[in-house]
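Undergrad: here is a sequence with its predicted model. Questions after.
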Amino acid sequence: MIQKFLYLEWKAFFRSASFATNLALKILMGFVAIYFILIFLTLGVGAFYILKKMNLDPIVTVNQFLIYYVLMDLIIRLLLQKIPVMNIRPMLIFPIKKSTIVHFSLGKTVLSFFNLAHGFFLIPFCVVLIIEGYDVLSVVLWYTAIFSLLFSNNFLNILLSNKDNLFAIFLATAAILGGLHYYGFFNITEFTAPFFNAIFNTYWAFAIPVFVLIALYYVTFQYFKKNLYLDAGLSNKHDVAKTEELTWLNQFGTIGTFLKNDIKLIKRNKRSKTTVGLSVMFLFYGLLFFTNNAFYNPVMHIFAGIFVSGGFLITFGQFVPSWDSAYYQLMMTQNIPYKGYLSSKWWLMVIATIVTTTIASFYLYFGWQVYLTIIVGAIYNIGVNSHLVLLGGAYTKTPIDLSSGKGAFGDKKAFNIKTMLISIPQLALPVLLYWLGSKFGNANIGLAIVAGAGVIGFAFKEKAFSLIEKIYKSEKYATIAAYKQKG
């Protein structure tokens with residue numbers, strides 16, 4: 001039966017209406033995977049000798065910081081790892097054991113890149129340990145235990161996938177622990193390192209992570225087997241409805257109606273909440289550039305300014321009109337003016353950019369020049385990037401599951417040549433303009449040129465909207481067809 005399931009998955013991939021896009025994306029993701037595999041391999045081989053050169057015991061040092069490695073792995077999974085599923089509804093009318101269906105679905109998650117990627121770091125590291133004279137059995141048992149912990153994260157991610165706000169909670173926990181450790185207030189590794197060292201130094205401690213993995217698999221299996229029926233297990237979750245009139249937006253006419261819809265969408269759905277959370281994270285992106293000497297380059301500062309002020313614009317705007325994919329067909333049967341629809345999205349992004357820039361005033365701590373760079377980035381985002389993300393949305397035919405927080409950075413049909421070309425001026429153009437201004441003048445001239453580009457874009461807003469509206473209309477039926485596709 002497992003072989004039959006594999007056959008059906010293969011057919012579903014090749015018969016999908018989005019087969020060409022799927023294949024192109026998988027090829028692209030293959031190159032990305034190779035890139036990260038090479039990085040992991042390099043780290044796996046080089047970590048031992050780098051630590052030795054620093055007069056540190058490699059295995060003790062790695063064990064000391066493994067808690068952060070495991071915790072960050074779980075955070076990344078909660079954010080990015082989509083749970084591989086199969087369409088089980090047609091299966092339930094056939095005499096197929098529920099246990100077989102669940103085992104197959106869980107088995108697909110085991111083959112996820114998020115699981116296999118760790119092997120390209122751990123296996124070379126363990127091989128080097130053995131070559132350098134460490135006890136072979138200790139290394140093998142240590143590897144088994146660590147991989148068990150990472151696979152435990154896989155099943156934790158499945159169990160926690162329907163829980164709201166967990167990504168933010170785990171991220172905040174990791175940030176707080178890392179901050180307390182960095183400033184010397186509390187060092188969690190003093191409590192976790194002995195456990196990881198015991199895994200390596202004894203022949204029995206490795207069994208603890210293995211038993212944890214077995215227990216988590218059993219719990220996950222029983223949970224999905226118990227809920228594998230149409231009446232409850234596969235039914236949609238309905239929360240208690242709350243009425244929000246937002247009547248103060250009525251004064252803005254058609255735009256106000258769309259704004260009310262967007263605000264309610266953002267407040268009520270998991271995917272949109274995840275996007276808002278990501279945009280808040282972008283606020284702190286500048287700390288990487290403004291506090292690190294390695295990135296202390298004014299040209300890179302304008303790059304950071306674009307991200308700090310445009311987090312919501314980038315994460316939300318790239319999926320217009322995909323946020324409305326669930327009812328886009330119904331919208332298109334109504335007498336809805338495209339210009340009003342697009343204007344509401346534009347105003348939402350502009351308001352969010354202004355609010356974000358205001359909140360980012362804490363960057364004044366690093367000086368007026370730094371905050372001025374963020375303000376200039378906001379002007380460019382409002383005048384230029386707001387139009388570009390709306391233009392890119394016409395070609396981003398990605399139906400969004402609002403009930404899922406996964407895939408906040410994009411989905412399979414979000415990648416195509418047109419969207420990639422449109423994304424170039426979003427980041428590369430302001431950096432180029434700033435570089436030219438600072439090269440032939442000074443930093444302030446560079447900022448003035450970038451801000452000027454934003455002002456010019458804002459001045460030509462109506463013409464830009466006319467062009468974007470025409471493109472949306474020409475892509476209307478292709479977009480509707482794409483939103484009908486489930487795979």
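TA: That came through fine. Note that the structure is predicted; figures quoted are calculated from it, not measured.

Undergrad: can you get me a residue count around Lys470?
TA: Using other C-beta atoms under 10 Å, Lys470 has 12 other residues around it. Where you see a C-beta, it was placed from the backbone N, CA and C, and this is true even at glycine.

Undergrad: what's the pLDDT at Gly253?
TA: The model reports Gly253 with a pLDDT of 63.

Undergrad: what bits of the stretch 101-250 of the chain have low per-residue confidence?
TA: Within the stretch 101-250 of the chain, the ranges that satisfy pLDDT under 70 run 162-168, 227-250.

Undergrad: can you give me the helices in it?
TA: 113-116, 119-131, 136-160, 166-182, 189-201, 207-226 (DSSP state H, counting those that start in this stretch).

Undergrad: out of those helices, nearest to Ile468?
TA: helix 166-182 (32.5 Å; C-beta to C-beta).

Undergrad: for the closest one, packing partners?
TA: Using 3 or more C-beta pairs under 8 Å, 6 or more residues apart in numbering; DSSP states H and E, the elements in contact with helix 166-182 are helix 58-80, helix 270-282.

Undergrad: ranking the helices of the stretch 101-250 of the chain by burial, who's on top?
TA: Comparing the helices of the stretch 101-250 of the chain by mean neighbour count (mean count of other C-beta atoms under 10 Å), helix 136-160 comes out on top with a mean of 19.

Undergrad: what does it rub up against?
TA: 59, 66, 70, 73-74, 77-78, 81, 83, 106, 109-110, 112, 114-115, 118-119, 122-123, 126, 129-130, 166, 199-201, 203, 205-206, 208-210, 212-213, 216-217, 219-220, 223 (C-beta atoms under 8 Å, 6 or more residues apart in numbering).

Undergrad: circling back: in JSON lines: the helices and strands packed on helix 166-182, plus distance to Phe440, mean neighbour count and mean pLDDT.
TA: Compiled in JSON lines, these are given as follows (distance: least, C-beta to C-beta, whole Å; neighbours: other C-beta atoms under 10 Å; pLDDT from 0 to 100):
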{"stretch": "helix 58-80", "distance to Phe440": "42", "mean neighbour count": "19", "mean pLDDT": "86"}
{"stretch": "helix 270-282", "distance to Phe440": "31", "mean neighbour count": "19", "mean pLDDT": "76"}
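
Undergrad: now distance to Tyr49 too, for those, in TSV please.
TA: Listed next are the helices and strands packed on helix 166-182 as TSV, based on distance: least, C-beta to C-beta, whole Å:
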stretch	distance to Tyr49
helix 58-80	8
helix 270-282	34
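
Undergrad: do you know which of the helices of the stretch 101-250 of the chain lies nearest Pro430?
TA: helix 166-182 (28.4 Å).

Undergrad: what distance separates that closest one from the centre of its chain?
TA: 18 Å (C-alpha atoms, centre = their mean, to the nearest Å).

Undergrad: report the angle between that helix and helix 136-160.
TA: Here helix 166-182 runs at an angle of 140 degrees relative to helix 136-160 (axes from the mean of the first three to the mean of the last three C-alpha atoms, to 10 degrees).

Undergrad: host element of the closest residue to Gly437 other than its chain neighbours?
TA: Ranked by C-beta to C-beta, 6 or more residues apart in numbering and with sequence neighbours excluded, the top spatial neighbour of Gly437 is Gly446, at 3.2 Å. If you go by DSSP states H and E, Gly446 is part of helix 443-459.
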